[in-house]
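Enquirer: Below are the sequence and a predicted model for it; my questions follow.
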There are 2 protein chains.
Amino acid sequence: MSNEKPYVSYFRPAIDAMLGYTPGEQPKGTDVLKLNTNESPYPPAPGVRKMLADFDYERLRLYPDPMATEVRSEIAALFGLTYENVIAGNGSDDILNIAIRCFCDAERPVAFLDPSYSLYPTLAGLQGAKCIRIPLDSTDFTMPENLLELAEPANLLIITRPNAPTGNSFPKSTMAKICENFNGVVLIDEAYADFASDNCADFVKKYPNVIVARTFSKSRSLAGLRFGYAIAHKTMIDGLMKMKDSYNVSMLTQRLALASLWDRAYFTDCVAKIKVAREMLLLGLLDIGFKVVESETNFLFASPPDGDAATYFKKLREKNVIVRYFPGPVTGKYVRISIGTEQQVSRLFLLTRQIYS
Amino acid sequence: MSNEKPYVSYFRPAIDAMLGYTPGEQPKGTDVLKLNTNESPYPPAPGVRKMLADFDYERLRLYPDPMATEVRSEIAALFGLTYENVIAGNGSDDILNIAIRCFCDAERPVAFLDPSYSLYPTLAGLQGAKCIRIPLDSTDFTMPENLLELAEPANLLIITRPNAPTGNSFPKSTMAKICENFNGVVLIDEAYADFASDNCADFVKKYPNVIVARTFSKSRSLAGLRFGYAIAHKTMIDGLMKMKDSYNVSMLTQRLALASLWDRAYFTDCVAKIKVAREMLLLGLLDIGFKVVESETNFLFASPPDGDAATYFKKLREKNVIVRYFPGPVTGKYVRISIGTEQQVSRLFLLTRQIYS
């Protein structure tokens, strides 16, 4: 491409200073066991297939419902709320981006756990907002006693519960205390809550400063669809809706999300199977001498007997098993293993036993 | 919902000050003739139906390609570019939002034509950026001679070409002069360019400060799918990619957009039919005594013989025909009529002749 004019950057300096996005590993081979991005090993609900098969493609010429009212109503019914308490997103990443744009800027920092979801600092950087990182205990990943004190300058506090990549949850009573006392918005990122023993969805009826975000990418086997949502007080939702793109959720995504919601038995069954496989792998890894964080998610955060997670990651990679490794002084001792089917988990376990025999 | 804590707003003041989004009219009746949002009257390409039918729903459990490489490559081929010159968006609204977030803030205004697409000031407001409105001639909607002077304080200049809601285009030589001399980024919003006699896609090979945005919502009959894109210099695209949501385009949207691109003959045929219907309606309305702006789009901006567009809009509405009315001193004399099939356009014409007989 021959350019007559020389290239001059007009990007905001904050954007120029950022690194480009590095996409996650997309293995091509079919015998690769992909346990690196916490996708579900099970297909979406059969109702999704049927909805897709029945969908009249001619309808795509029209704009989707910008308010996504039908799917929001269906979600509201799960929690005894109305659609006015629900916002639909193009994945829950869309919800996170909307929240950071609504509540944060150069004068309004965002606080979040460390380690946690790596998207938070990226979204904060794009918005020019300062980050307050709340360090979790480096051994058991519990929240610090002085969390509220540390988070105090923030206008938005994100608590990932259960947390990723560590997998553990936090006492609900502690969460209530935080929501009660934090002077700002508390966004509880419940991406993995369907795999947990409890959740904080009921908080939105009590605390008008609380947003609970969920995704269809994990427990509902629909990462490719891009659907997430948040529930909150109506006034909170009204504000968040101003920030969203008018047509942020496509017509097909709205229809297929709806089909997934209708199929409750299948959903419950998939979650139950993943929990069984999780316990199976947990016991196996403990038996080999791994240190494993108690998981309330669809993954295990596990440190090998010798603590050399980088080597474990590499050896699995050589055997066509991809897990996730996060370098760093704390996270670097662990790998994050997504829970697959029982068969997949067995394959990983047998390989691991070979490696550490 | 009983709230124990009182509601306190933590929204950025700029967000609290904004009005909530009002969705466009979604008529329910089947005999309503919907000519208000510039959708195509034709179904998407047959290849889209086939792709949808062949799509294996099980793949939805996996994340989509975050880089959308296949569809970007296909688009690049249309213009003799490579995929590195293309960014894919969740509709072209996503592209516009990304651009405003990359180049604008409290110190970096955005300039755009007035009247033009009403989303620009909304996106600017959400980003806290000042708007510079460049008034078009109130009679023929041409650009002012001193456009560059007016736009000078802006870091981003959006030119909608052809323009909406007016429908007219601007000389390509003038566009080149603007791109050559504007000290900032020129985003040419070509949402309607497929219906025009020329376009500025080739500018991206010449001007590293130019972004050309397109959508699949109009000429490709895929408003429900949410797909848009922009082409630009590789370095420009690299920067824009930092701002986009990692998985902004769903797996189904990527696949169906690809199918639409493959089906070139169908696309050309639909565009040709719309142009014929547009000329038919233009001649008819002129004959009745309407003033009609010369259109290079899939709609006509037309002022009734008595100049009372509000009444014309209302009378059509009573007869189950919905067109678009934009109140205001300039736009309020016109309605915007999306071009339907020849049959639909005939129905509108006959009703209009009745009204003004």
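Expert: Noted; the coordinates are in hand. All figures in this text were calculated on a predicted structure; none of them were measured in a lab.
Enquirer: Next one: residue A:302 from chain B, what distance?
Expert: 22 Å (CB to the nearest CB, to the nearest Å). The C-beta positions use only the backbone N, C-alpha and C, and glycine is treated the same way.
Enquirer: Remind me what the host helix or strand of that residue packs against, helices and strands.
Expert: Assigned by DSSP states H and E, residue A:302 belongs to strand A:299-303. Applying 3 or more CB pairs under 8 Å, 6 or more residues apart in numbering or on different chains; DSSP states H and E, one finds that strand A:299-303 makes contact with helix A:264-288, strand A:291-292, strand A:335-338.
Enquirer: elements contacting the longest one?
Expert: Read it as helix A:264-288. If contacts are counted by 3+ CB pairs under 8 Å, 6+ apart, helix A:264-288 sits against strand A:291-292, strand A:299-303, helix A:342-355.
Enquirer: burial of the residue of the stretch 251-357 of chain A found nearest chain B, as a residue count?
Expert: Proximity of the stretch 251-357 of chain A to chain B (CB to the nearest CB) peaks at residue A:251, 3.5 Å away. Residues near residue A:251, counting by other CB atoms under 10 Å in any protein chain shown, number 21.
Enquirer: looking at it, it is touching residue A:60, isn't it?
Expert: Yes: counting by CB atoms under 8 Å, residue A:60 is a contact partner of residue A:251 at 6.3 Å.
Enquirer: what sits in contact with each of the two?
Expert: B:224, B:225 (CB atoms under 8 Å, 6 or more residues apart in numbering or on different chains).
Enquirer: ok so, going back, just so I know, which of the helices and strands packed on strand A:299-303 lies nearest residue B:267?
Expert: helix A:264-288 (38.6 Å; CB to CB).
Enquirer: Show residues contacting that closest one.
Expert: Helix A:264-288 is contacted by residues A:40-42, A:45-47, A:194-195, A:219-221, A:260, A:292, A:295, A:298, A:300, A:302, A:305, A:337, A:339-342, A:344-346, A:348-349, A:352-353, A:356 when judged by CB under 8 Å, 6+ apart.
Enquirer: tell me the average confidence for stretch A:319-327?
Expert: When pLDDT is averaged over stretch A:319-327, the result is 95.
Enquirer: oh, I was asking about stretch A:245-252
Expert: 97.
Enquirer: Could you pull out the helices in chain A for me?
Expert: A:13-17, A:46-54, A:69-79, A:92-103, A:119-127, A:147-151, A:172-181, A:234-243, A:251-262, A:264-288, A:309-318, A:342-355 (DSSP state H).
Enquirer: I'd like to know which of these has the weakest mean confidence.
Expert: Among the helices of chain A, helix A:13-17 scores lowest, with a mean of 92.
Enquirer: helices or strands up against that helix?
Expert: By 3+ CB pairs under 8 Å, 6+ apart, helix A:13-17 packs against helix A:119-127, helix B:234-243.
Enquirer: Indicate which one of the ones you listed is closest to residue B:105.
Expert: Of all those, helix A:119-127 comes closest under CB to CB, at 10.1 Å.
Enquirer: Check whether the closest one comes near chain B.
Expert: Yes: using CB under 8 Å from any CB of the partner chain, a contact is recorded between helix A:119-127 and chain B, made by A:119, A:126.
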